[in-house]
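1. the sequence and its predicted three-dimensional model are supplied below.
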Amino acid sequence: MDLFKQLIGTTSWLFPGTYYQNARSAAQKVDFVELLVYQWDEETHKLLSQEIGGLMELKQQGLLYTVHLPTNDIEEARGAFEFFENSELDVMTYVLHPLDGFKDFQWNEKVAIENMVGKVEAYDKMVFDIGHHMLGEKFPPEYLDSVVEIHLMGVNGNQDHLKLNDDTLEELCLLFGDKLYSVPYICFEIFDMDLLEDSLKIWKNMINRG
């Protein structure tokens, strides 16, 4: 019998370095790395083409991947999506912003739409970003069953992507309730290794308290 396991991940930008360098450093701390591909230009394409072999080696050691697709243009998002779909990386989930024209392309079942500060677009699969929720438009509770990934971080005042804190956890738990433990992927969208490690401890303490 397969038992459900909630997977914990983080970003590919914990320190200035390449995708592979960050993924290798994070591999012993998390289950998956979200490759941040915020634009699909020649330089990004070249770097990922060079590093896909190293990323595959980490995958063979157990590290899994999601991909945050480009945020600037729907055509670049399509280009990055097709690159990874034609690779052997076997990406679990693609995070896509509700860019203009995103409904004009036939995405596959791995694509999930993220809530934004100023826009929440209903979709079959969704990514819930706690920072966008707390700083902007509130996430409708009726969409919770569509959430496949949570972007988790600390939020304080007008700042997000901080170390996880009690106020943010309380907001998350109030919204999700018991559903929190059935979301497949929790991605700590944090861009610093020390803040990630502190946040992981806070999260594990909460889980252990039940």
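-> Yes, it's here. Numbering: from 1, shown residues only.

2. ok, and what's touching the helix or strand residue 33 falls within?
-> Residue 33 belongs to strand 32-36 when assigned by DSSP states H and E. Identification of contacts with strand 32-36 by CB atoms under 8 Å, 6 or more residues apart in numbering yields 7-13, 19, 22-23, 26-27, 48, 55, 63-68, 92, 95, 185, 187, 189. Placement of C-beta: from N, CA and C, glycine included.

3. out of the residues you listed, which are inside helices?
-> Counting by DSSP state H, the part of the contacts of strand 32-36 found in helices is 19, 22-23, 26, 48, 55.

4. farthest-apart pair in the residues you listed, please.
-> Among those, the pair separated by the greatest distance (CB to CB) is 26 and 48, at 16.8 Å.

5. what about residue 201, helix or strand, and which?
-> helix 193-209.

6. that helix: which residues count as buried?
-> Neighbour counts over helix 193-209 (16 or more other CB atoms under 10 Å) mark 195-196, 198-200, 202-203 as buried.

7. any chance of those in a markdown table, plus pLDDT and distance to residue 144?
-> What follows is the buried residues of helix 193-209, written out as a markdown table (pLDDT from 0 to 100; distance: CB to CB, whole Å):
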| residue | pLDDT | distance to residue 144 |
| --- | --- | --- |
| 195 | 97 | 27 |
| 196 | 97 | 26 |
| 198 | 97 | 27 |
| 199 | 98 | 22 |
| 200 | 97 | 24 |
| 202 | 96 | 22 |
| 203 | 96 | 19 |
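
8. could I get the contacting residues of the residue nearest in space to the middle of the chain?
-> The chain has residue 187 as the residue nearest its centroid, 4.8 Å off, counting by CA atoms, centre = their mean. If you count contacts by CB under 8 Å, 6+ apart, residue 187 has them with 8-11, 32, 34, 66, 149-152.

9. before we move on, what about residue 14?
-> Per CB under 8 Å, 6+ apart, neighbours of residue 14: 22, 25-26, 190-193, 196.

10. what segments of this structure are strands?
-> 7-11, 32-36, 64-68, 94-96, 111-114, 126-129, 147-152, 154-156, 159-162, 185-188 (DSSP state E).

11. quick one: buried residues of stretch 88-102?
-> 89, 91-99, 102.

12. same question for stretch 144-164.
-> Per 16+ other CB under 10 Å, stretch 144-164 contains these buried residues: 144, 147-155, 160-164.

13. nearest to residue 177, of those residues?
-> residue 144 (8.7 Å).

14. state the mean pLDDT of the strand holding residue 33.
-> With pLDDT averaged residue by residue, strand 32-36 scores 98.

15. understood, closing this out.
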